[in-house]
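> I'll drop the sequence and a predicted model, then ask my questions.
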Amino acid sequence: MKKSSDIPIQFIKGVGPAKAKLLANLGIETVEDLLYLFPRRYDDRTRLTPIKNIKAGEWHTVAGKVLVGGGRKTWFTKKHVFETAVGDESGRIFCVWFNQPYLEKYLTIEQEVVLYGKVDVFKNRLQMVSPEYELIAPQDRSLSMGRIVPIYPLTKGISQRYLRRLIDACLNTHESHLLDLLPDEVRRSQKLEPLAKSIRQLHFPSTPAAQEKAMARIAFEEFFLFQISVILRRLSIVGKTGVPHRIEDPFIRDFVGGLPFTLTAAQQKALQEIILDMSKAQPMLRLIQGDVGSGKTVLAFFGCAAAWRNGHQAAILAPTEILAQQHYANLQKFLEQGAFAKWRVALLINSLSKKEKEAVYAGLKDGTIHAVIGTHALLQETVAFKDLSFVAIDEQHKFGVQQRALLSAKAQLPPDVLIMTATPIPRTLCLTLYGDLDISLLNERPPGRGKVATYHFPTEKSPSVYEQVRQWVKKGTQAYIVYPIIEESETLDLKAAKDMFTHFRQFEFADLRVALVHGQMERGQLEVVMRQFKNHELDILVATTILEVGIDVANANVMVIEHAERFGLSQLHQMRGRIGRGPKDAVCILISDPTTEEAKARLQAIIQTTDGFKIAEHDLKIRGPGHYFGRHQHGLNELRVANPVTQMAVLEQARKEAVALTHTDPQLKAPQHRLVKATIQKRYPQYLEMVWAG
Ligand code: ADP
Ligand code: MG
């Protein structure tokens, strides 16, 4: 089915091949793409501020005529400077642009313009430096003046007025052809306005409220498609037949009895859920959500052991070599027990020698290695299994759906998949974003751990903080000192890990054993230092955020984080999770001089609670979902206008409708669902190739 809005943009009046190329830079290839290019902001030009009323320090839009003009080169920087004054009936404002000599051609005297920028005071008069400008020709007035005006993202050679005119023209000629992909019954039950009306309101809103309503309408559509893809992805996996594992009580007793600790109630519950899932032929797809230190890893070990007991193989995918090694070392300890003596486990990381790697490849292929713990190295084509039946993915936010699929694809039958994440997802969002996963929650800290107290000090107090750290270390604890950057930079006035390391060695901690770790270190080197720290051959580790993921040193009970305002909340929480892992109490000191209210609120939040979920809710509110979930997550980046945090209610409605639709027509075969299917295939291809491959 060809939609008229699929027409290549090149064939639209006023476009042609040259402009089409430029528009492609904005991702616009068809009329539909153009109509879905939504403004990045709006300018309410129904009541523009008279120039005489604008104030320094504020952002303003003003309209007026160019009064004078002139460009010149400044003698000291050889920069081109273009200066002008723009006036309306009430007054005038001076403007200056640098290195844009072509402005002389456009900003000629008497030209009508709209300017948007921050107002400064310069030599006692109001001025805007490099404001956004728009030339207004008489024929532009209807779209660009006296109304709420859309401001689009631009690219070289494409102006606001051009886009506005083009979009207006396309709306006029193609609006009626815009096909609404939402099935009638959904539109009716949700009382949605016609699509064309919403699209027009998004470009040229009659009121802010109308714009918002239109936005919710478009967001609904996006969420709806997104939810269908999530649901279908789940169906595509759990609808298949995998490997049932026999997991009997004696085996469970052997495993649990061999642990150096007693499982928490939360771990036991999760274990039961895993046992139930793994026993079924239907593949498991389970997410273990638990704060740092809640003890997720042992559950992955259990799955691996159960696969082995059933004569199959298992794999654990970890995001860093340090973590893979740590898991491997822990599992090794476990193997020393009688019941597991014959279990063969291997490590696969890139820093192994070629020969070592080949031995692992061979063992996995012929089945003599029963479980492997590795990094991305596991995903390579050279890695093949004889009979993989269980896969665990650690710190899932570091991987994407595709990587999960890559590893699973190495199994003959769909394997049981366990995903672990320490990124707590606020309850309100969990179902909708992870609707394709079953969830186990580890909401309990293993007993016998110390408390972590968090304090905040201004930078001027750092000498006494260092002195306090000295005292603590002298008494036998170990400490981390964390910096936001590795090396000093010209543009940021921040203390850096390398420089502070050099400094500490000469001064404050000259008599202590101090080392440096950061992300640009060679792997082997990093590993040596980490091992030394773990063996208490080092007292203090000066570090960057490399500490964020999973390092486990029970004797490290002091952490200092400098420029704490530079880190996200969840990041601070993850780092703080590195301490207080042993029985002793721990102290986290944030050194920071927050200047904004937001930064202060963030520090307050991290000081007041150690509850990862509360912190996550804060973080999500402050930073929005894109940042929060990371680049890889679940198609969130394909959401163009919808925001799962601010539009939670819309998301819930969309999910409800998506569940209903996929329930009645999981293949999207009905004629009224054809457009939904086509759009999902276009928008979320990476997910759906898995679904409809068969
Ligand atoms: P995370 O959930 O952050 O991945 P880990 O699985 O690495 O946590 O566990 C953190 C530490 O706690 C490990 O040293 C682990 O051996 C230990 N641990 C796990 N479960 C328990 C428990 N029930 N009681 C005591 N210690 C535990
Ligand atoms: Mg972990």
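It's in. Ligands and ions are numbered 1, 2, ... in the order given.
> let me know the secondary structure of residue 179.
Secondary structure of residue 179, reduced to three states by DSSP: H, G, I helix; E, B strand; the rest coil: coil.
> where does pLDDT dip in this structure?
1-5, 71, 73-77, 396-398, 427-429, 431-433, 490, 547-550, 623-638, 685-694 (pLDDT under 70).
> which strand in it has the most residues?
strand 59-73 (DSSP state E).
> ok, that strand: who's next to it in the sheet?
strand 80-87 (antiparallel), strand 112-122 (antiparallel) (DSSP bridges).
> winner for burial among the ones you listed?
Most buried of these by mean neighbour count (mean count of other C-beta atoms under 10 Å) is strand 80-87; its value is a mean of 19. C-beta: built from backbone N, CA, C; applies to glycine.
> what does it rub up against?
For strand 80-87, the surrounding residues in contact (C-beta atoms under 8 Å, 6 or more residues apart in numbering) are 51, 62, 64-74, 92-101, 103-104, 107, 113, 115.
> go on, stretch 136-153?
Residues contacting stretch 136-153 (C-beta under 8 Å, 6+ apart): 26, 37, 39-46, 63, 112-114, 116, 132, 134, 160-161, 163-165, 167-168, 203-208, 211.
> list only buried entries from the residues you listed.
Buried residues within these, counting neighbours by 16 or more other C-beta atoms under 10 Å: 26, 37, 39, 42-43, 63, 112-114, 116, 134, 160-161, 163-165, 167-168, 203-205, 211.
> residues from the stretch 551-694 of the chain in reach of ligand 1?
Selection of the stretch 551-694 of the chain residues close to ligand 1 by C-beta under 6 Å from any ligand atom yields 552, 581.
> and the residue of the stretch 551-694 of the chain closest to ligand 1?
residue 552 (5.2 Å; C-beta to the nearest ligand atom).
> what about the longest strand of the chain, distance to the chain center?
Relative to its parent chain, strand 59-73 has a centroid offset of 41 Å by C-alpha atoms, centre = their mean, to the nearest Å.
> quick one, helices of the stretch 1-150 of the chain?
For the stretch 1-150 of the chain, the helices defined by DSSP state H, counting those that start in this stretch occupy 16-24, 31-35, 103-106, 141-144.
> again, but for the stretch 401-550 of the chain
Under DSSP H, counting those that start in this stretch, the stretch 401-550 of the chain gives helices at 401-408, 427-433, 462-474, 497-506, 523-534.
> so for ligand 1, which of those helices sits nearest?
Taking the helices of the stretch 401-550 of the chain one by one with C-beta to the nearest ligand atom, helix 523-534 is closest: 11.5 Å.
> I'd like to know which elements that closest one is packed against.
helix 321-335, strand 514-517 (3 or more C-beta pairs under 8 Å, 6 or more residues apart in numbering; DSSP states H and E).
> quick one: the residue of the stretch 301-450 of the chain found nearest ligand 1 and residue 610, what's the gap?
Of all residues in the stretch 301-450 of the chain, residue 446 sits closest to ligand 1, at 3.2 Å by C-beta to the nearest ligand atom. Separation of residue 446 from residue 610 (C-beta to C-beta, to the nearest Å) stands at 14 Å.
> out of the two, which sits in the more crowded spot?
More neighbours surround residue 610 than the other of residue 446 and residue 610, with 20 against 17 (other C-beta atoms under 10 Å).
> just the element for that one, please.
Secondary structure assignment for residue 610, by DSSP states H and E: no helix or strand.
> next, work out how far apart it and residue 589 are.
15 Å.
> kindly report the same for residue 481.
9 Å.
> same question, residue 443
Distance from residue 443 to residue 589, by C-beta to C-beta: 27 Å.
> of the two, which one has the most company?
Between residue 443 and residue 589, counting by other C-beta under 10 Å, residue 589 is the more crowded of the two (23 against 17).
> for the closest residue to that one other than its chain neighbours, give the beta-bridge partners.
Closest residue in space to residue 589, ignoring its immediate chain neighbours: residue 560 at 4.8 Å, by C-beta to C-beta, 6 or more residues apart in numbering. Beta-bridge partners recorded for residue 560 (DSSP bridges): residue 481, residue 589.
> residue numbers of this protein in contact with ligand 1?
261-264, 267, 290, 292-298, 422, 446, 552, 581.
> just the ones of those in helices?
267, 297-298 (DSSP state H).
> who wins for most neighbours among those?
If you rank these by neighbour count (other C-beta under 10 Å), residue 267 sits at the top with 25 neighbours.
> can you tell me how far it is from residue 285?
To residue 285, residue 267 is 20 Å away according to C-beta to C-beta.
> same deal with residue 38?
Residue 38 sits 34 Å away from residue 285, going by C-beta to C-beta.
> the two: which is more packed in?
Ranked by neighbour count (other C-beta under 10 Å), residue 38 and residue 285 place residue 285 first, with 22 against 16.
> which phi and psi does the more buried one have?
Residue 285 adopts backbone torsions of phi -140, psi 90, taken as degrees, to the nearest 10.
> now mean neighbour count and distance to residue 146 too, for the helices of the stretch 401-550 of the chain, in CSV please.
Formatted as CSV, the helices of the stretch 401-550 of the chain follow (neighbours: other C-beta atoms under 10 Å; distance: least, C-beta to C-beta, whole Å):
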stretch, mean neighbour count, distance to residue 146
helix 401-408, 18, 47
helix 427-433, 17, 41
helix 462-474, 15, 56
helix 497-506, 17, 55
helix 523-534, 16, 62
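> got those helices as TSV, with distance to residue 353 columns?
Formatted as TSV, the helices of the stretch 401-550 of the chain follow (distance: least, C-beta to C-beta, whole Å):
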stretch	distance to residue 353
helix 401-408	23
helix 427-433	41
helix 462-474	37
helix 497-506	30
helix 523-534	11
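> break this protein into its domains for me.
Domain ranges of the chain: 1-46+163-175, 47-145, 249-279+297-421, 452-609, per automatic domain parsing.
> as TSV, the ones you listed with distance to residue 684 would be great.
Conversion of those to TSV gives the following (distance: least, C-beta to C-beta, whole Å):
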stretch	distance to residue 684
domain 1-46+163-175	16
domain 47-145	34
domain 249-279+297-421	10
domain 452-609	26
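> show me the one of those domains that comes nearest residue 668.
Ranking the domains of the chain by proximity to residue 668 (C-beta to C-beta) places domain 1-46+163-175 first, at 13.7 Å.
> many thanks, I have nothing further to ask.
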